[in-house]
Every structure is written in structure tokens, then in C-alpha cells.
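1. Here is my input; please provide its structure:
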Amino acid sequence: MAGENDKVEVYQDKRGEYRWRRSASNGQIAGASCEGYKNKSDAKANAERQGYSG
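-> Predicted structure coming up:
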């Protein structure tokens with residue numbers, strides 16, 4: 001589950017696909033999508049299934 005101070009970012013990769021990554025409060029990557037999505041909303045929905053609630 002996402003920590004209280006974790007930050008989740010949805011971004012577009014070099015191929016134009018959307019991905020997400022979760023950073024812990026110390027700046028370390030704590031989780032990331034393993035695939036790209038054509039729609040930003042799909043990437044966000046995947047992050048929410050992985051525990052992101054923001």
C-alpha cells in the first residue's frame with residue numbers, strides 16, 4: 001500500500017505511452033507500472049489498483 005507521504009506521478013514515456021511511478025518520502029522509487037498505456041486514465045486506474053488512493 002502507498003505510504004502516507006509517497007508521491008505518485010503519471011507521466012508520458014519516450015514512446016508516448018503513459019506510465020506511473022511511486023516515490024517514497026526519501027526519493028527512492030517504491031513502485032512503477034510495468035507496461036505503458038495509451039490513455040492517461042488507464043495508467044491512473046492501474047496505479048489505484050496497486051494501492052494509490054489519490
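
2. Output the lowest mean pLDDT helix or strand found in this protein.
-> strand 29-32 (a mean of 92; mean pLDDT, DSSP states H and E).

3. helices and strands around it, which ones?
-> Applying 3 or more Cβ pairs under 8 Å, 6 or more residues apart in numbering; DSSP states H and E, one finds that strand 29-32 contacts strand 18-23. For the C-beta atoms, the positions are set from N, CA and C on the backbone; glycine is no exception.

4. could you redo the last one with a cut-off of 10 Å?
-> The helices and strands touching strand 29-32, judged by 3 or more Cβ pairs under 10 Å, 6 or more residues apart in numbering; DSSP states H and E, are strand 7-12, strand 18-23.

5. Can you convert those strands into TSV and add a column each for distance to Ala43 and mean neighbour count?
-> Formatted as TSV, those follow (distance: least, Cβ to Cβ, whole Å; neighbours: other Cβ atoms under 10 Å):
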stretch	distance to Ala43	mean neighbour count
strand 7-12	5	15
strand 18-23	4	19
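
6. rewinding a little: which residues sit against the least confident helix or strand of the chain?
-> 2-3, 6-9, 19-24, 47, 50-52 (Cβ atoms under 10 Å, 6 or more residues apart in numbering).

7. C-terminal to it, what's the next element?
-> helix 40-49 (DSSP states H and E).

8. the inter-axis angle of that following helix versus strand 18-23?
-> For helix 40-49 against strand 18-23, the angle by axes from the mean of the first three to the mean of the last three Cα atoms, to 10 degrees is 30 degrees.

9. For this protein, give me the ranges with low pLDDT.
-> 1-3, 54 (pLDDT under 70).

10. Using CSV, write down the CA coordinates of stretch 14-27.
-> Output of stretch 14-27 as CSV, limited to C-alpha atoms (Å, rounded to 0.1, in the frame of the first residue of the first chain):
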residue,chain,number,x,y,z
LYS,A,14,9.5,8.3,-24.9
ARG,A,15,7.1,6.1,-26.9
GLY,A,16,4.2,8.3,-26.0
GLU,A,17,2.6,5.9,-23.6
TYR,A,18,1.5,6.7,-20.1
ARG,A,19,3.1,5.1,-17.0
TRP,A,20,3.1,5.7,-13.3
ARG,A,21,5.8,5.6,-10.6
ARG,A,22,5.5,5.9,-6.8
SER,A,23,8.3,7.6,-4.9
ALA,A,24,8.8,7.2,-1.2
SER,A,25,9.5,10.2,1.1
ASN,A,26,13.2,9.5,0.8
GLY,A,27,13.1,9.8,-3.0
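
11. Sounds good, over and out.
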